[in-house]
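[1] no sequence on this one, just coordinates:
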């Protein structure tokens, strides 16, 4: 039995112990013996003895009935929880509510109205919510760990994390060096037209250098990952690259996005001037770069058109890339990017952007070589901005103020340095974080909750009317096979293994720029080392302090870092209603990703293949069209959501809420009703939905909302809540919502 069950039973035993003593106390046993002891029996007639016996039997029966009734009543009417954690969380829940709003009309405003009033956007933030608050708390913990140089028994890797952070915090040295480290790097690459005449024929060499040494992706991105159609091996993959602005939409709709394009251009001009160019030259060259990026945006395939991996997966040999995109010398390029691994023409490669590569090759061929060089160098410059002196930080801040609507602020240097240390040495820093903040019973409780939610999801498959029985059986097998990784990877708790992972990462104490360059080299070697090998089942894509979770389709795994297994998502002393509504829905969300419009294409072993019957595929598409239309009818700041782009996350939100609720109901059936929170006047079933909604309470600027609508595969927080509850019969039942109220539409979208 899990520690989760044991902890619950321990609490119940503590509460019930007083009652047990009353019913089983020694004085009562003595009294019974005095009234009906053996010495009295000879004085009674046979009939009197029979009557006395009958009275004793009836008394015992009544006694047992009273006990049974009391226990049953306690289970069905458990009372109010008045422990300190219950009182504290009840206060937090209440302060976040807006009781003036009808929950059946707008559940998000009902659950979060008070929170939004009490949480104005902090300075320098474009969005703020539960995830942000917890991440800030985790960062503060990491700061204290990184600055505590007196800690004993640190591994070499943990000491490297501290040195990396210290170098980042050495602002005196960073300001002293100024732009010099980046200027020297540009000279090593071959220079550019910003600071002097440029007429070289070195496109291939520069492309290889910026891609291999500095991990940029000017025209396309190349990486190593699991082969979707053969999940037992890693393979080189090629895809379209990102742009300077968050989405192609910013470039293509120039009228609506004029202020963003102007701010971006000015930012690039500022960088050019800081690196030694004149205002006039810099404005001219950066204008050309912006025009070139607009050409790239025109050939970039929209994200919503790339959701069916079966259609965009193209496997070929490395030599075939030459005919697909002849503007690039592919074999020398791949050999430099994946050095020291040797790549030959028969190396298997998966291309996810076949048409794009053809178009970008034509664009490269027809573009002035000086402009191509300027663009490649600018990709490096943009990547290096955060590690340069304050002038570069200020230039970026001016851009971000326009881009995301943030108010100018002096964000403490330590926050940038903690975040960057987490990015570079996150598993070393994560070891320190876990040892300080994470208890093993939290991991066990989370593992049990995942099992409960998985069981609830599988039970729900029985009632999925649109799916055939054979596909249901295969879906259950896939759910059974999902691998759970909770808290942290085991290797970080072993100093020898941890040190081995970071053995080749050299870190010096006072040269931050140099450390970042070392990280790029280290990262490149780690990537190359994975090529042609079987994927590591226990490899994590998030560090332990991260406030997030994910599902990996090629490994059919759910990952829940220690960073999110905390308030407001989870607390072992809270009512289970809040835990299932918080972290439980997150777990259900990630599990449901295995069966969303993209995850469903992968089988239980993580292979991309057709394992559904055609009839169920067609039925699935028909069912999901309901959600495409539902979320496509929502809008924020007069911008309509893209129901196709957000489909996978909307499926996961709806499925996660349903599975977590059913898991909570199952928990009640096993354990009985739990005590309610004081002062709320709310049942625990209502509390479950309120807890779910309050996880998503957030505020953000109009500019950030605009960026989210364009780029984020998740719906805005408001619609993650009201979209899910309006499809939930259980929600409407427990809040008494009449049919055709906004949160209880007659027609509901139902998938899982």
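    Great, that's in hand. In this text, all values refer to a predicted model and were calculated from it rather than measured experimentally.

[2] Residue 433: helix or strand, and which one exactly?
    helix 413-437 (DSSP states H and E).

[3] do the same with residue 407
    Secondary structure (DSSP H and E) places residue 407 outside all helices and strands.

[4] Enumerate every residue touching it.
    121, 123-124, 401 (Cβ atoms under 8 Å, 6 or more residues apart in numbering). Yep, even glycine has a C-beta here, placed from its N, CA and C like the rest.

[5] Any chance of a PyMOL selection covering the buried ones in the residues you listed?
    A single PyMOL command selects the buried members of the contacts of residue 407 (16 or more other Cβ atoms under 10 Å):
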select buried, resi 121+124+401
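
[6] For the spatially closest residue to residue 409 that is not a sequence neighbour, give its distance to residue 394.
    For residue 409, ignoring the flanking residues on the chain, the nearest one in space by Cβ to Cβ, 6 or more residues apart in numbering is residue 124 at 3.2 Å. Note on residue 124: its distance to residue 394, by Cβ to Cβ, to the nearest Å, is 13 Å.

[7] what about the stretch 1-150 of the chain, any weak spots by pLDDT?
    1-78 (pLDDT under 70).

[8] which stretches of the stretch 151-300 of the chain form strands?
    Along the stretch 151-300 of the chain, the stretches classed as strands by DSSP state E, counting those that start in this stretch are 220-227, 230-240.

[9] before we move on, back to that, could you give the mean pLDDT of the helix holding residue 433?
    Throughout helix 413-437, pLDDT has a mean value of 96.

[10] Now do whatever helix or strand comes next after it: which elements does it pack against?
    Next in sequence after helix 413-437, counting helices and strands by DSSP H and E, comes helix 440-460. Packing partners of helix 440-460 (3 or more Cβ pairs under 8 Å, 6 or more residues apart in numbering; DSSP states H and E): helix 3-23, helix 469-481, strand 483-487, strand 557-561, helix 585-592, helix 647-671.

[11] can you do 10 Å?
    Helices and strands touching helix 440-460, by 3 or more Cβ pairs under 10 Å, 6 or more residues apart in numbering; DSSP states H and E, are helix 3-23, helix 469-481, strand 483-487, strand 557-561, helix 576-579, helix 585-592, helix 647-671.

[12] relative orientation of the third one and strand 557-561 in degrees?
    Read it as strand 483-487. 10 degrees (axes from the mean of the first three to the mean of the last three Cα atoms, to 10 degrees).

[13] And for the helix or strand following strand 483-487, what's in contact with it?
    Note on strand 483-487: by DSSP H and E, the next helix or strand toward the C-terminus is helix 495-501. By Cβ atoms under 10 Å, 6 or more residues apart in numbering, the surrounding residues in contact with helix 495-501 are 153-160, 425, 427-428, 430-431, 489-492, 494, 526.

[14] Now the common contact residues for residue 124 and residue 394.
    In contact with both residue 124 and residue 394: residue 408, using Cβ under 10 Å, 6+ apart.

[15] Next up, the contacts around the residue lying closest to residue 235 once chain neighbours are set aside.
    Closest residue to residue 235 apart from its sequence neighbours, by Cβ to Cβ, 6+ apart: residue 227 at 4.2 Å. Residue 227 makes contacts with 233-237, 313, 315, 348, 350, 535, 554, 606-608, as judged by Cβ under 10 Å, 6+ apart.

[16] let's go with 7 Å and repeat that
    With contact set as Cβ atoms under 7 Å, 6 or more residues apart in numbering, residue 227 has these partners: 233-235, 350.

[17] ok, and the most crowded of the residues you listed?
    residue 234 (22 neighbours; other Cβ atoms under 10 Å).

[18] That one contacts residue 224, correct?
    Yes. Using Cβ atoms under 7 Å, residue 234 makes contact with residue 224 at a distance of 5.3 Å.

[19] And the chain, what are its domain boundaries?
    3-76, 131-178+390-437+494-518, 180-388 (automatic domain parsing).

[20] okay, now residue 355: neighbour count?
    For residue 355, using other Cβ under 10 Å, the count is 14.

[21] Grab the nearest non-local neighbour of it.
    Leaving aside its chain neighbours, residue 355 sits nearest to residue 301 (7.2 Å; criterion: Cβ to Cβ, 6+ apart).

[22] How about residue 270?
    Residue 270's closest residue in space is residue 395 (Cβ to Cβ, 6+ apart), at 4.0 Å.

[23] what kind of secondary structure is the one you found in?
    Three-state assignment for residue 395 (DSSP: H, G, I helix; E, B strand; the rest coil): helix.

[24] Report the separation between it and residue 271.
    In terms of Cβ to Cβ, residue 395 sits 6 Å off from residue 271.

[25] With neighbour numbers in mind, choose between the two.
    Neighbour count, other Cβ under 10 Å: between residue 395 and residue 271, residue 271 has more, with 26 against 20.

[26] which ones are touching the closest residue in space to the more buried one that isn't next to it in sequence?
    Nearest non-adjacent residue to residue 271, counting by Cβ to Cβ, 6+ apart: residue 381, 5.6 Å away. Counting by Cβ under 7 Å, 6+ apart, residue 381 touches 182, 271, 275.

[27] right, and out of those, which lies closest to residue 338?
    residue 182 (25.5 Å; Cβ to Cβ).

[28] my guess is that closest one meets residue 384, correct?
    Yes. Between residue 182 and residue 384 there is a contact under Cβ under 7 Å: 5.2 Å.

[29] and the two? which has more neighbours close in?
    residue 182 (24 against 21).

[30] Can you check what pLDDT the model gives the nearest residue in space to residue 484 that is not next to it in sequence?
    Using Cβ to Cβ, 6+ apart and skipping residues adjacent in sequence, the residue nearest residue 484 is residue 450, 5.0 Å away. Looking at residue 450, its pLDDT stands at 96.

[31] ok now do residue 450, which residues does it touch?
    So residue 450 contacts 484, 558, 587 (Cβ under 7 Å, 6+ apart).

[32] what sits opposite the second one in the beta ladder?
    What that stands for is residue 558. residue 484, residue 551 (DSSP bridges).

[33] for the helix holding residue 433, packing partners?
    If you count contacts as 3 or more Cβ pairs under 7 Å, 6 or more residues apart in numbering; DSSP states H and E, helix 413-437 packs onto helix 130-147, helix 156-169, helix 495-501.

[34] Pull out the buried positions in the last one.
    Looking back up the chat, that one is helix 495-501. Quick answer for helix 495-501 (16+ other Cβ under 10 Å): 498-499, 501.

[35] Do a quick rundown of the strands in the stretch 501-650 of the chain.
    Under DSSP E, counting those that start in this stretch, the stretch 501-650 of the chain gives strands at 550-552, 557-561, 635-636, 639-640.

[36] now the helices: where do they sit in the stretch 601-750 of the chain?
    614-632, 647-671, 684-695, 702-711, 717-725, 729-735 (DSSP state H, counting those that start in this stretch).

[37] now those in a markdown table, with mean neighbour count and distance to residue 354?
    Shown next, in a markdown table, are the helices of the stretch 601-750 of the chain (neighbours: other Cβ atoms under 10 Å; distance: least, Cβ to Cβ, whole Å):
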| stretch | mean neighbour count | distance to residue 354 |
| --- | --- | --- |
| helix 614-632 | 17 | 24 |
| helix 647-671 | 22 | 22 |
| helix 684-695 | 25 | 40 |
| helix 702-711 | 20 | 23 |
| helix 717-725 | 24 | 34 |
| helix 729-735 | 18 | 44 |
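
[38] how about those, which one is nearest residue 112?
    helix 684-695 (6.3 Å).

[39] That closest one: how far from the chain's middle?
    Distance of helix 684-695 from the chain centroid (Cα atoms, centre = their mean, to the nearest Å) equals 20 Å.
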